[in-house]
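> sequence? don't have it. structure:
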Ligand SMILES: [Zn+2]
Ligand SMILES: [Zn+2]
Ligand SMILES: [Zn+2]
């Protein structure tokens, strides 16, 4: 439960109640290293005899994403719990194309560089977003043997 204490704190501070479903979805996300879909979350909860309908799960995920406590990942599809704190630049992802494992990082210099590119087009940037594929250390070993 300790991995989600910080997230529950953010919910409270933002004026949201810590409801059962919010706690349950956060807990599932915090246990996994790769993105999961709402249906997969539902299935995992079902194995624990905890039942949530997928509309509820979608609503919880929307809220968690709004608060930057979770992210929707395009590569592979699904949601992950945010592993970074606040104030470090935009949150970005590298996804293993072997096993689907995901790492989250932030890089302020990258944000600034992208702002420069955008300003060349006359754009003022807000949020940055990036995801790319790679091979994690584990999969890199397996594939090179
Ligand atoms: Zn994040
Ligand atoms: Zn940024
Ligand atoms: Zn991998």
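Thanks, I have the structure now. The structure displayed is predicted, hence computed values, not measured ones. Residues are numbered from 1 along each chain as shown. Ligands and ions are numbered 1, 2, ... in the order given.

> how about residue 74, what does it touch?
residue 131 (Cβ atoms under 8 Å, 6 or more residues apart in numbering). The way it works is simple: take the backbone N, C-alpha and C, and place the C-beta from them, glycine included.

> Quick check: the gap between it and residue 133.
11 Å (Cβ to Cβ, to the nearest Å).

> and what of residue 6?
For residue 6, the distance to residue 133 - Cβ to Cβ - is 29 Å.

> cool, residue 23 as well?
Applying Cβ to Cβ to residue 23 and residue 133 gives a distance of 32 Å.

> More neighbours: those two, which one.
Between residue 23 and residue 133, residue 23 has the larger neighbour count (other Cβ atoms under 10 Å), namely 15 against 12.

> Now do the contacts for that one.
Residue 23 neighbours (Cβ under 8 Å, 6+ apart): 4, 8.

> Got the phi and psi for it?
Main-chain dihedrals, residue 23, degrees, to the nearest 10: phi -70, psi -40.

> Check residue 36 too.
phi -130, psi 150.

> okay, now it: neighbour count?
By other Cβ under 10 Å, neighbour count at residue 36 equals 24.

> What confidence value was assigned to it?
As predicted, residue 36 sits at a pLDDT of 95.

> pretty sure it is touching residue 29, no?
Yes - using Cβ atoms under 8 Å, residue 36 is in contact with residue 29, at 7.1 Å.

> Can you check which residues contact both of the two?
79, 80.

> residue contacts, the residue nearest to residue 57 when sequence neighbours are not counted?
Spatial nearest neighbour of residue 57, chain neighbours left out: residue 38 (4.4 Å); criterion: Cβ to Cβ, 6 or more residues apart in numbering. Contacts of residue 38 were listed using Cβ under 8 Å, 6+ apart, and they are 54, 57, 58, 61, 79.
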